[in-house]
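S.K.: here's my sequence, what's the structure:
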Amino acid sequence: MSMRTMGLAVLIAVAQAAPLQSQIPLTEYATRRAALGQMTGDGAIVVLGSGEPVRDFDGFSQSPHLKYLTGWDAPDAALLVMRSGTTQREILFVAEKNPAIEVWTGVRPSLLDAQRMSGIPTRVIGELLQACDSLLADGAPLHLIGEFAGEASTIGAARTRDQVFMDTLRARHGASKIADATRAVLELRGTKSPAEIELLRNAIAITGRAHQEAMRMVTAGWNEFEVQALIDYTFRRNGADRNGFFTAAASGDNTTTLHYSQNDRPIQQGELLLLDIGAAFGGYSADVTRTIPVGGTFAPAQRAIYELVRRAQIAGEREVRIGAATNAPQMAAADTIARGLAALGLVESPTATYDCDSAASQQCPQWRLFYMHGLSHGIGLDVHDPDLSYSGTYGAGSVVTIEPGVYVRRNMQNVLPDTPRNRALLTALAPALARYAGIGVRIEDDYLLTPAGLEWLSKVPREVAEVEAALKAPRAATPRVRDPAMVGRYRRSLP
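M.R.: Coordinates of the predicted model:
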């Protein structure tokens, strides 16, 4: 048994012995840290947290690495783990309490409070660099875990706060003594414990309520931002901490934009509305997408695309099982979509290609013009959380999405490189492109992989008949006044 497997086995065994609740016990965090120490071996590990926002009126979100290992959720913190053999010492570095700053930021825990809340001995964050210098001077290898990839731009990638810290240490002690060990914690995060699964179940249940509320209330004449407001409001009033990601409420042609975020268009009768949403509960994010017909009934062209996407999702579901290759669901869904698009006349054949570049030097599958994203990803502390893709095969305890889609953009002539072959292709496909233009459908659900099989977690109407029935139920009036009974209400667990 590998060191990683041993660490995960201990983690799961301890977590299964703990009672399920809407928070993770300190014993589980300690077990995660022990598993991380086993993976990296002797030396020191530093896990860097997120800093105080540059502008004190901006929101704070903790680094998922530090949150996973400690549960600590305040700015300017870091974890130090020192391991020798089977002995492991830990220190949580936190921001020093400063009442003058708290006027602007709110009350911060004291060192004693931090130790009581985390179960880890604490020191002030200003001593972290000196502690690292001392360990490196003594010859200990240092493993850093953090966010080291900055945002790229035309003038180069920006250095993150964590990269600056790493560069500072390397400048003082040499690059060979300091390694990026972020992958180790990513591997641990891929398998969810029972306590994490319980948090995800809550997040998914809240997200399902928001979808059902949208189906119950949204009608033609609403603006996309009103749908967004309804979704976000439903999240919070049902106990969500926040949104797991920005709510996408895409109507009409906007459904063909994969990551639509403007949410500022009037919704018209008879068109589709795509809602890609996810509530976060206890820091863990759901991710569920539904595409619904405004007015209650799918038009024939909309229905044809929707049923194809649903068949692709079923094909993907069948391939997710313990021991299966993680790319098997994507291949099954893509094959289903390719054959379905051919039947609809949107591609010449399931295996047909087009010119990927203006030189016609490279060929790409035609189905990729309409289904251009991956099928699945993990969910957890990040909406795109680590899953078991590091090992290449599925194992128990992974919580993943399955989310095929088909998107027929009106400007397909601008999407394809201008070559003689592609111009001929557009002419051949013109009738189908006109019939399905502006239709985008994605169906995304969340699943738990267990020894008993694949469990569907996000049980929101998704079959055509179910969706249409939900939309044809008696409509609710648009809420214009706050319910006084709900003002200030914030449930941390579901009834």
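
S.K.: in the stretch 51-200 of the chain, which spans are helices?
M.R.: 64-70, 99-105, 111-118, 128-137, 161-173, 182-189, 194-217 (DSSP state H, counting those that start in this stretch).

S.K.: so which helix or strand takes in the residue most central in space within the chain?
M.R.: Nearest residue to the geometric centre of the chain (Cα atoms, centre = their mean): residue 383, 1.3 Å. Here residue 383 sits in a region with no helix or strand, counting by DSSP states H and E.

S.K.: relative to residue 298, how far out is residue 442?
M.R.: Using Cβ to Cβ, to the nearest Å, residue 442 is found at 15 Å from residue 298. The C-beta positions use only the backbone N, C-alpha and C, and glycine is treated the same way.

S.K.: try residue 134
M.R.: Relative to residue 298, residue 134 is positioned 66 Å away (Cβ to Cβ).

S.K.: neighbour count winner among these two?
M.R.: Taking other Cβ atoms under 10 Å, residue 134 and residue 298 do not tie; residue 298 has more neighbours (22 against 12).

S.K.: is it true that the more buried one touches residue 309?
M.R.: No - Residue 298 is beyond contact range of residue 309, at 11.8 Å (criterion: Cβ atoms under 8 Å).

S.K.: closest one to residue 332 among the helices of the stretch 51-200 of the chain?
M.R.: helix 194-217 (23.6 Å; Cβ to Cβ).

S.K.: so which bits of the closest one are buried?
M.R.: 194-215, 217 (16 or more other Cβ atoms under 10 Å).

S.K.: quick one: average confidence on that helix?
M.R.: For helix 194-217, the mean pLDDT works out to 95.

S.K.: residue 442: what's its closest spatial neighbour, skipping adjacent residues?
M.R.: Once flanking residues are discounted, residue 442 sits nearest to residue 405: 3.5 Å by Cβ to Cβ, 6 or more residues apart in numbering.

S.K.: also residue 61?
M.R.: By the measure of Cβ to Cβ, 6+ apart, the closest residue to residue 61 outside its immediate chain neighbours is residue 50, 6.4 Å from it.

S.K.: tally of neighbours for that neighbour?
M.R.: 22.

S.K.: next one: it from residue 241, what distance?
M.R.: Remark: distance between residue 50 and residue 241 (Cβ to Cβ) = 15 Å.

S.K.: any weak-confidence spans in the stretch 1-150 of the chain?
M.R.: Where the stretch 1-150 of the chain drops to pLDDT under 70, the residues are 1-22, 56-57, 150.

S.K.: which parts of it are strands?
M.R.: Assigned by DSSP state E, counting those that start in this stretch, the strands in the stretch 1-150 of the chain fall at 43-48, 78-84, 87-94, 122-124, 142-145.

S.K.: same for the longest one, what does it pack against?
M.R.: Looking back up the chat, that one is strand 87-94. Secondary-structure packing of strand 87-94 (3 or more Cβ pairs under 8 Å, 6 or more residues apart in numbering; DSSP states H and E): helix 26-40, strand 78-84, helix 111-118, strand 122-124, helix 128-137.

S.K.: could you rerun that using 10 Å?
M.R.: The contact analysis (3 or more Cβ pairs under 10 Å, 6 or more residues apart in numbering; DSSP states H and E) places strand 87-94 against helix 26-40, strand 43-48, helix 64-70, strand 78-84, helix 111-118, strand 122-124, helix 128-137.

S.K.: the last one too?
M.R.: Packed against strand 142-145, as judged by 3+ Cβ pairs under 10 Å, 6+ apart, are the following elements: helix 26-40, strand 43-48, helix 64-70, strand 78-84, helix 128-137, helix 161-173, strand 178-180, helix 182-189.

S.K.: partners of it, with directions?
M.R.: Here strand 142-145 is paired, per DSSP bridges, with strand 43-48 (parallel), strand 178-180 (parallel).

S.K.: for the last one, the averaged confidence score.
M.R.: Over the span of strand 178-180, the pLDDT mean works out to 93.

S.K.: any low-confidence regions in the stretch 351-495 of the chain?
M.R.: Applying pLDDT under 70 to the stretch 351-495 of the chain picks out residues 388-390, 475-495.

S.K.: which residues of it fall in strands?
M.R.: Under the criterion DSSP E, counting those that start in this stretch, the stretch 351-495 of the chain contains strands at 353-355, 363-365, 399-402, 405-407, 440-442, 445-450, 453-456.

S.K.: list of residues touching the last one?
M.R.: It stands for strand 453-456. By Cβ atoms under 10 Å, 6 or more residues apart in numbering, the residues outside strand 453-456 that reach it are 197, 201, 317-322, 394, 399-400, 402, 445-449, 462.

S.K.: flag every buried residue along that strand.
M.R.: residue 454.

S.K.: my guess is residue 167 meets residue 180, correct?
M.R.: No - at 11.9 Å, residue 167 does not count as touching residue 180 under the criterion of Cβ atoms under 10 Å.

S.K.: where do the contact lists of these two overlap?
M.R.: residue 148.

S.K.: how close does residue 370 get to residue 464?
M.R.: Applying Cβ to Cβ to residue 370 and residue 464 gives a distance of 20 Å.
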